[in-house]
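>>> Got a predicted structure plus its sequence, pasted below:
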Amino acid sequence: MENNIFELQYAIDTFYFLVCGALVMWMAAGFSMLEAGLVRAKNTTEILTKNVALFSISCIMYMVCGYMIMYGGDLFLSGIAEVDADAVLVDFAGREDGFRGGSIYSGASDFFFQVVFVATAMSIVSGAVAERMKLWAFLAFAVVMTGFIYPMEGNWTWGGGSVFGMFTLGDLGFSDFAGSGIVHMAGAAAALAGVLLLGPRKGKYGADGKVSPIPGSNLPLATLGTFILWMGWFGFNGGSVLKLGDISNANAVAMVFLNTNTAAAGGLVAALLTARLLFGKADLTMALNGALAGLVVITAEPSTPTALTATLFGAAGGVLVVFSILLLDKLKIDDPVGAISVHGTCGLLGLLVVPLTNDGSTFSGQLIGAATIFIWVFVTSMIVWGVLKAVMGIRVSEEEEMEGVDIAECGLEAYPDFTKS
């Protein structure tokens, strides 16, 4: 009878884990729609191509070497789906902490859940370098990012490894529940390195320092993308509880869902009000980024705050993202979709507010962890981008940029009936 209960609980936990992974995979559609809506019509096909290709590359590279680097194990996941049922029961009966990599009953479900996180980190880069980067240079970077750069910092954090053999972040009080820093800030750091080497789009900044807005082509699509991401985030944060099949974990999942939702709502409202005060208008793009900012902030710790606290954390992210976007424009750092501000600036904020509700973390540990993630990803990404720039170039020609990268890189247009070749 007891074994039957454990088997049922194991099945429920595994099924829940896989469904949450599928929700996170659905975020790839959200990033695609959001970015396609915020770029100009002449660059839509390429941004969609990048998103479907980077997801596929992420899955392959994490299988080939990423998972091994992050958690240990065999290349090509040999035998990962082969689970000894009797051993699972023995292991499962004594565990209260869930599983993440390396456990005897993580197997294929753990890999699937982890690989969609890798793709999420890479998706952040896509929007920031949009409208002027060569497609194949971007895909070459995706190979290194998902196969090596991300797995290394993942090993130091969720993998429990020591940073270059010197110290272990967990021992310093570092905590990142679902990846505000490990996933989102890491993606933003890689994006920032690429943007700095790439330079701004033509016409974005005048000689007098004036910023010329470049509106997106399809705000309904951007709004749809935001809602898809919002929905997918329940899997992102909820799945990171790692279990469902008992009372305490079921309650934790419910709280994580609640806090994730209310943080997004707080972020959107705060960004909308901030834009109204600054610009005198209700800026939809700022509102959308505000919702995403709230989601990024709460991702670092969605289980311990109250719903009101989560709303306030999200609202802080919504205000911060507006000022961050404006600051990057003043610095002439051109990010067409605001990805660096949403995922980088607000990812850092998410890490820093964790100790306010989680006694197991420390501000010093959060700062050291954030610095470790950012420096590693930024420096290694800068090296890779620099090599690609020297070898094959990373930016399309001025003529191709003016014509649109859809024609130059993909040979077709997303809206052929409404645009001129």
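Arrived safely.
>>> where along the stretch 301-421 of the chain do the strands fall?
Secondary structure of the stretch 301-421 of the chain, counting by DSSP state E, counting those that start in this stretch: no strands present.
>>> Give me the residue ranges of it where confidence is low.
Per-residue confidence of the stretch 301-421 of the chain (counting by pLDDT under 70) places the weak regions at 419-421.
>>> Skipping its backbone neighbours, what lies nearest M25 in space?
Taking Cβ to Cβ, 6 or more residues apart in numbering as the measure, M25 lies nearest to V116, with 4.7 Å between them; neighbours along the chain are not counted. C-betas here are computed from N, CA, C, even on glycine.
>>> How many residues are close by that neighbour?
When counting by other Cβ atoms under 10 Å, one arrives at 25 neighbours for V116.
>>> correct me, but it touches V24?
Yes: the pair V116 and V24 passes the contact test of Cβ atoms under 8 Å, sitting 4.1 Å apart.
>>> just to revisit the earlier point, and the residue nearest to M25, how close does it get to I298?
Using Cβ to Cβ, to the nearest Å, we find V116 at a distance of 19 Å from I298.
>>> again, but for A264
Distance, A264 to I298, using Cβ to Cβ: 8 Å.
>>> Give the residues shared as contacts by those two.
Shared contacts of A264 and I298 (Cβ atoms under 8 Å, 6 or more residues apart in numbering): G314.
>>> Could you check which of these two has the larger neighbour count?
It is I298, of A264 and I298, that has more neighbours when counted by other Cβ under 10 Å, with 34 against 28.
>>> what's the nearest residue to that one if we skip its chain neighbours?
The nearest residue in space to I298 (Cβ to Cβ, 6+ apart) is A263, at 3.6 Å.
>>> Same question for L196.
With Cβ to Cβ, 6+ apart, the residue lying closest to L196 is I333, at 7.1 Å.
>>> Does that neighbour touch L197 like I think?
No: contact criterion Cβ under 8 Å: I333 and L197 do not qualify, at 11.5 Å.
>>> Show the contacting residues for A414.
A36, A41, T44, T45, L48, D406.
>>> Can you get me a residue count around the closest residue to the second one other than its chain neighbours?
Using Cβ to Cβ, 6+ apart and skipping residues adjacent in sequence, the residue nearest A41 is S217, 4.1 Å away. Counted with other Cβ under 10 Å, residues neighbouring S217 total 19.
>>> Tell me the backbone dihedrals of S217, please.
When quoted as degrees, to the nearest 10, the phi and psi of S217 stand at phi -90, psi -20.
>>> pretty sure it is touching E35, no?
No: checked against Cβ under 8 Å, the pair S217 and E35 is beyond contact range at 11.0 Å.
>>> okay, stretch 301-312 in CSV with CA atoms only?
Output for stretch 301-312, consisting of C-alpha atoms alone and laid out as CSV, is shown next (Å, rounded to 0.1, in the frame of the first residue of the first chain):
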residue,chain,number,x,y,z
GLU,A,301,11.7,34.2,-4.8
PRO,A,302,7.9,33.7,-5.4
SER,A,303,7.3,31.3,-2.5
THR,A,304,7.9,33.4,0.6
PRO,A,305,6.4,36.8,0.1
THR,A,306,2.8,37.6,0.8
ALA,A,307,0.6,38.5,-2.1
LEU,A,308,0.7,42.2,-1.2
THR,A,309,4.5,42.1,-0.9
ALA,A,310,4.8,40.3,-4.3
THR,A,311,2.6,43.1,-5.8
LEU,A,312,4.9,45.7,-4.3
